[in-house]
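> Predicted coordinates and the sequence they were generated for:
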Amino acid sequence: MSNDVLEAAPPAHSIPHRHPDGREVLATAKGILIATRGYGDAEAFEELLDVSRHHHVSVLRAAKSLVELATRRQPCPSVTTPAPLYALEFTEWTTLLAR
């Protein structure tokens, strides 16, 4: 590869971070459930629907919760942390991902 090509590429820190759209988040969450629970695609989506109904949130919010938990680099906060965003994570998927 020529040096011209390498010099023309923008530095990694200048490339904007793209947030995944809803379809990507749902696909990732279903993939996590398929890999960890051995579900098929329909079963994984059904669990996301069940969690969203149980917690009165959108299926996308339930999926985001699972993806956030699975990709978190630091440990989960303690159960005494008054952060509502962690509610789904603790009750539905923490033990699943701890295995």
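Yes, it's here.
> Count the neighbours of Leu26 for me.
Other residues lying near Leu26 total 20 when counted by other Cβ atoms under 10 Å. The way it works is simple: take the backbone N, C-alpha and C, and place the C-beta from them, glycine included.
> Against Thr95, how distant is it?
For Leu26, the distance to Thr95 (Cβ to Cβ, to the nearest Å) stands at 22 Å.
> Flag every buried residue along whichever helix or strand Arg53 is part of.
Under the criterion DSSP states H and E, the helix or strand holding Arg53 is helix 41-55. The neighbour-count criterion (16 or more other Cβ atoms under 10 Å) identifies Ala44, Phe45, Glu47, Leu48, Val51, Ser52 as the buried residues of helix 41-55.
> got it, and stretch 60-72?
Along stretch 60-72, these residues count as buried under the neighbour rule (16+ other Cβ under 10 Å): Leu60, Arg61, Ala62, Ala63, Lys64, Ser65, Leu66, Val67, Leu69, Ala70.
> got it, and stretch 24-34?
Counting neighbours by 16+ other Cβ under 10 Å, one finds that the buried residues in stretch 24-34 are Val25, Leu26, Ala27, Thr28, Ala29, Lys30, Ile32, Leu33.
> Relative to Tyr39, which of the residues you listed is nearest.
Each of the buried residues of stretch 24-34 was scored against Tyr39 by Cβ to Cβ, and Leu33 proved nearest at 5.3 Å.
> quick one: secondary structure of that closest one?
In the three-state summary, Leu33 is assigned as helix, counting by DSSP: H, G, I helix; E, B strand; the rest coil.
> That one is in contact with Glu47, isn't it?
Yes: taking contacts as Cβ atoms under 8 Å, Leu33 lies within contact range of Glu47: 5.7 Å.
> Now do the same contact list for the residue nearest to Gly40 when sequence neighbours are not counted.
Sequence neighbours aside, Ile34 is the residue nearest to Gly40 in space, at 7.2 Å (criterion: Cβ to Cβ, 6 or more residues apart in numbering). For Ile34, the set of contacting residues under the criterion of Cβ atoms under 8 Å, 6 or more residues apart in numbering consists of Gly40, Asp41, Ala44.
> Can you report phi and psi for Gly40?
According to degrees, to the nearest 10, the main-chain angles of Gly40 amount to phi -90, psi 180.
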